[in-house]
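[1] Quick check, what structure comes out for this input:
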Amino acid sequence: MNLLVRRVRTVSATALFLIALWGGVLFAQEPPEPVGVIQEESESAPPETPAVPPAYYQQEPAPPPIYHQAVPAEPPSPPPVYHQAAPVAPPPPPPTVAPPEEPSDTRPNIAVYVTGEVSANEKKALGTYILDALVNSGRFHGIERAGSFLAEVEKEHVRQRDGAVDYGRVSKVGAQFGVKFVCIADITPALGAFQVSARIVNVETAEVAFIGQATGPLKTIGDLTDMSARVVRKMFGVPDPAGEDSLFRKPRVEISVGVGGVIANGFGGGLAWPGGERIGMPYSVTGAYLFFDAVYAELFFGYAAGDGQWGSNSVRDKKELPSMPRAYINAGVFCKYPFRSPRITFFPLIGMEYGLSISGSLKFRNHNEEIPFDGQDNKPAAASLSSLWGKFGAGFDFAMGKSVYLRTEAVYGVRGSNAFEHFCVDNRPKDMGELEASYGTGLDVKVGVGAKF
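    Presented below is the predicted three-dimensional model:
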């Protein structure tokens, strides 16, 4: 019985717990609002008080359930870009730089007028070279219509009665052509050379701004350019580095060729005895030669022929001694250094010469006999008279025109004994005693005409 009562109590308590739990769930929910039905409340009936479950059955209200609550959609992400190259920006344009302003050239214009006792072509050439020298000095601009300027000057008859140039008229023509200065050059021949004097005249004031002069030959184009440069340097006071106006100026290299005649005299040579006696073999020949000149050197070739009477103080009858005719060709070279004046050039010289004998013989007047040097039958050969000379001397060139000159030279020479003299020593008779071959000396005089190129 007691067991049955305990089970009833247990079932009852369990039923009450479930009822209380269900009531709490319903109490927590909000009752739905009735639609279309209006209930009238009775004023007489008091409101019912809902049953409150015991405190130990109360629980915190559960949050209202959320039904079909939409989850906000995330914005779509952009599609991925694979291997997309970054755009290359075009290069910026180069900065614009304004070109530098060229400095204005303030050099005045100048024209050249040449007068003098030379041909029109020589005046024109000299004027052209003077204008080039003036422009190259950096002081002036050249006039473009130089030919028209010269023609207009000639029309104006700028020379006065005494032959002097009227600077005023020349300046007037220069002003018409827009020049500020006119260079008036006068060329005068003197003693085989030429003197060029020039002055620069201001067209506006007719005053002489610069003046200069130079003297020298005018034979080649090189002389024209040289003279023009020297005149311009003198006008501007520029020193001449080469000293071209002096007697000792350094000459330019010029090539010339010429022909001439020669007289050559040989002294000494022959045979000598220890006691002082000797037999000399002098000679005198004449010939012609061709020379090439390059200012500091002279190369020449020649031909000469002549005769020579042997001589001896020990022989009373000179006819007993033979004569020795000969002919030879020669070649040589001289070194020289010229010292120039306007007309005359002086030059010392020194050099070597070799004479190759091409014929020779001995003539005995008493016997009317001649022994040729043919190298046969124990006779000497013609080449045995050949000899090498060392020579020195001096010469002068006299100007005869622009490119032609007269040349004279005098040279003294010394030679060693030749093969014929040694032949005489080797084949002497025994009764002649001791002999030795002797050296020789000589003097050559040359006169020729040359032309420069």
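
[2] Can you classify Arg139 as helix, strand or coil?
    When classified by DSSP: H, G, I helix; E, B strand; the rest coil, Arg139 comes out as coil.

[3] residue ranges with poor pLDDT in the stretch 101-250 of the chain?
    Along the stretch 101-250 of the chain, the model assigns pLDDT under 70 to residues 101-105, 144-147, 153-167, 240-250.

[4] Show me the domain layout of this protein.
    In terms of domains, the chain is parsed into 109-236, 256-452 (source: automatic domain parsing).

[5] CSV for those domains, including distance to Pro90 and mean neighbour count?
    C-beta coordinates here come from the backbone N, C-alpha and C atoms, glycine included. Shown next, in CSV, are the domains of the chain (distance: least, Cβ to Cβ, whole Å; neighbours: other Cβ atoms under 10 Å):
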stretch, distance to Pro90, mean neighbour count
domain 109-236, 48, 18
domain 256-452, 70, 17
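
[6] residue contacts, the nearest residue to Glu434 once chain neighbours are set aside?
    Leaving aside its sequence neighbours, Glu434 sits nearest to Pro274 (Cβ to Cβ, 6 or more residues apart in numbering; 5.6 Å). Pro274 sits next to 433-434, 436 when contact means Cβ atoms under 8 Å, 6 or more residues apart in numbering.

[7] closest to Lys452 among those residues?
    Glu436 (48.2 Å; Cβ to Cβ).

[8] and the residue lying closest to the closest one once chain neighbours are set aside, bridged to which residues?
    Of all residues not flanking Glu436 in the chain, Ala272 sits nearest, at 5.5 Å (Cβ to Cβ, 6+ apart). Taking DSSP bridges, one obtains Arg278, Glu436 as the residues bridged to Ala272.

[9] pLDDT score for Ala272?
    Note on Ala272: pLDDT of 88.

[10] returning to that earlier point: I'd like to know how far the residue nearest to Glu434 sits from Arg230.
    64 Å (Cβ to Cβ, to the nearest Å).

[11] How about Gln213?
    Gln213 is 9 Å from Arg230, by Cβ to Cβ.

[12] One more: Gly416?
    Distance of Gly416 to Arg230, given as Cβ to Cβ: 48 Å.

[13] After the longest strand anywhere in the chain, which helix or strand is next?
    Looking across the chain with DSSP state E, the single longest strand is strand 344-364. Per DSSP states H and E, the first helix or strand lying C-terminal to strand 344-364 is strand 369-372.

[14] Identify the residues contacting that following strand?
    360-364, 379.

[15] Can I get it in CSV? Just the C-alpha atoms.
    Output of strand 369-372 as CSV, limited to C-alpha atoms (Å, rounded to 0.1, in the frame of the first residue of the first chain):
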residue,chain,number,x,y,z
GLU,A,369,152.7,60.5,-130.3
GLU,A,370,149.5,59.9,-128.4
ILE,A,371,148.9,57.1,-126.0
PRO,A,372,145.2,56.5,-125.4
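
[16] strands paired with that strand, and their directions?
    According to DSSP bridges, strand 369-372 forms sheet pairs with strand 344-364 (antiparallel).

[17] what mean pLDDT does the partner strand have?
    94.

[18] follow-up on the earlier one: so the residue nearest to Glu436 touches Ser438, yeah?
    Yes. The criterion here is Cβ atoms under 8 Å, and Ala272 meets it with Ser438 at 4.6 Å.

[19] so what's in contact with these two at the same time?
    Jointly contacting Ala272 and Ser438 under the rule Cβ under 8 Å, 6+ apart are Arg278.

[20] Show the backbone phi and psi for the nearest residue to Phe300 once chain neighbours are set aside.
    Leaving aside its sequence neighbours, Phe300 sits nearest to Phe291 (Cβ to Cβ, 6+ apart; 4.1 Å). Backbone torsions of Phe291, given as degrees, to the nearest 10, read phi -130, psi 150.

[21] Bridged to Phe291, which residues?
    Beta-bridge partners recorded for Phe291 (DSSP bridges): Gly258, Phe300.

[22] contacting residues for it?
    257-260, 298-301, 407, 448, 450.

[23] Run through the strands of the stretch 101-250 of the chain in chain order.
    109-116, 141-142, 181-190, 193-202, 208-216 (DSSP state E, counting those that start in this stretch).

[24] now those strands as JSON lines including distance to Lys319?
    Putting the strands of the stretch 101-250 of the chain into JSON lines (distance: least, Cβ to Cβ, whole Å) gives the following:
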{"stretch": "strand 109-116", "distance to Lys319": "67"}
{"stretch": "strand 141-142", "distance to Lys319": "81"}
{"stretch": "strand 181-190", "distance to Lys319": "58"}
{"stretch": "strand 193-202", "distance to Lys319": "56"}
{"stretch": "strand 208-216", "distance to Lys319": "59"}
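
[25] Quick check: which of the ones you listed is nearest to Met400?
    Nearest to Met400 among the strands of the stretch 101-250 of the chain is strand 193-202 (12.1 Å), distances taken as Cβ to Cβ.

[26] do you know how far Gly280 is from Trp273?
    Distance, Gly280 to Trp273, by Cβ to Cβ: 13 Å.

[27] Same question for Gly287.
    Distance, Gly287 to Trp273, by Cβ to Cβ: 33 Å.

[28] Check which helices and strands the host helix or strand of Phe396 sits against.
    Applying DSSP H and E as the criterion places Phe396 in strand 387-399. The contact analysis (3 or more Cβ pairs under 8 Å, 6 or more residues apart in numbering; DSSP states H and E) places strand 387-399 against strand 326-336, strand 344-364, strand 404-415, strand 440-452.

[29] Show me what that strand pairs with in its sheet, parallel or antiparallel.
    Here strand 387-399 is paired, per DSSP bridges, with strand 344-364 (antiparallel), strand 404-415 (antiparallel).

[30] if we can go back for a sec, and the pLDDT at the residue nearest to Phe300?
    Value for Phe291, per-residue pLDDT: 97.

[31] Please apply the same query to Tyr303.
    Confidence at Tyr303, expressed as pLDDT, is 97.

[32] My guess is it contacts Leu290. True?
    No. With contact defined as Cβ under 8 Å, Tyr303 and Leu290 do not form a contacting pair (9.5 Å).

[33] Enumerate the beta-bridge partners assigned to Leu388.
    The partner list for Leu388 in beta bridges (DSSP bridges) reads Tyr354.

[34] And for the one 4 residues further on?
    For Phe392, the beta-bridge assignment (DSSP bridges) gives partners Ile350, Tyr412.

[35] same check, this time on Asn109
    The partner residues for Asn109, given DSSP bridges, come to His141.

[36] Contact partners for Ala399?
    192-193, 217, 219, 342-345, 405.

[37] thinking again about what came up before, and which of the contacts of strand 369-372 is nearest Tyr354?
    Gly360 (16.1 Å).

[38] which ones are touching the residue lying closest to Glu298 once chain neighbours are set aside?
    Closest residue to Glu298 apart from its sequence neighbours, by Cβ to Cβ, 6+ apart: Phe334 at 4.5 Å. Neighbouring residues of Phe334 by Cβ under 8 Å, 6+ apart: 297-298, 300, 349-351, 391, 411.
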